[in-house]
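[1] turn this into a structure:
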Amino acid sequence: MFWILYRAGYLAPVPEELRDEGIEVDYISKLAMAMRAFETKAAQGALTFTGTLVQATQDQSAWDVYDLDKINRGVAERYGTPQEWLRPESEVRKLREERQAAAEKVAQEQGMRDLAAAVPVEKKVEDGSLLDQVIQGGKASAQV
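    The predicted model follows:
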């Protein structure tokens, strides 16, 4: 409807400063709101079905069909969540990288504890051995 009115000259021309910026029209009519509500319900239904499927089959690959970040942002927008409440994609990416690095560090530390626990207490770890280097955090130099 917007573009029909615009092309027919019923709306003022776009200011020069905005001509190359592109225009995004956000319809707020009852029909537009009903369409957004339908899209949100459809997404919820599809995700609920996929969750049930994953639970029944234990196959997590069913989630690969969805771009969950886009769904989350789209649903938030359709519910009218202010953009300032949503983190920018770059910040989300940084948070995930930090979380991944922390998880890798915890896994590495747990692996070292498991390795150290596997060494019998009555046996002495040979100085300079590979196991000694692992226990020392790689600080000892390897002797060949």
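
[2] contact partners for residue 38?
    By CB atoms under 8 Å, 6 or more residues apart in numbering, the contact list for residue 38 is empty. Glycine gets a C-beta too; all of them are placed from N, C-alpha and C.

[3] please disregard the earlier target; I meant residue 85.
    Neighbouring residues of residue 85 by CB under 8 Å, 6+ apart: residue 76.

[4] let me see the ranges of the strands in this structure.
    Along the chain, counting by DSSP state E, no stretch forms strands.

[5] helices or strands up against the longest helix along it?
    Ordering each helix of the chain by length in residues (DSSP state H) puts helix 89-118 first. Applying 3 or more CB pairs under 8 Å, 6 or more residues apart in numbering; DSSP states H and E, one finds that helix 89-118 contacts helix 130-135.

[6] show the average pLDDT along the helix it packs on.
    Averaged across helix 130-135, pLDDT comes to 77.

[7] for residue 71, which non-adjacent residue is spatially closest?
    residue 43 (5.6 Å; CB to CB, 6 or more residues apart in numbering).

[8] quick one: residues contacting that neighbour.
    71, 74-75.

[9] filter these down to the ones in helices?
    Those of the contacts of residue 43 lying in helices (DSSP H): 71, 74-75.

[10] what is the burial count for residue 36?
    Neighbourhood size, residue 36 [other CB atoms under 10 Å]: 19.

[11] likewise for residue 124?
    By other CB under 10 Å, 9 other residues sit near residue 124.

[12] go on, the one 4 residues further on?
    Neighbour count of residue 128, defined by other CB under 10 Å: 13.
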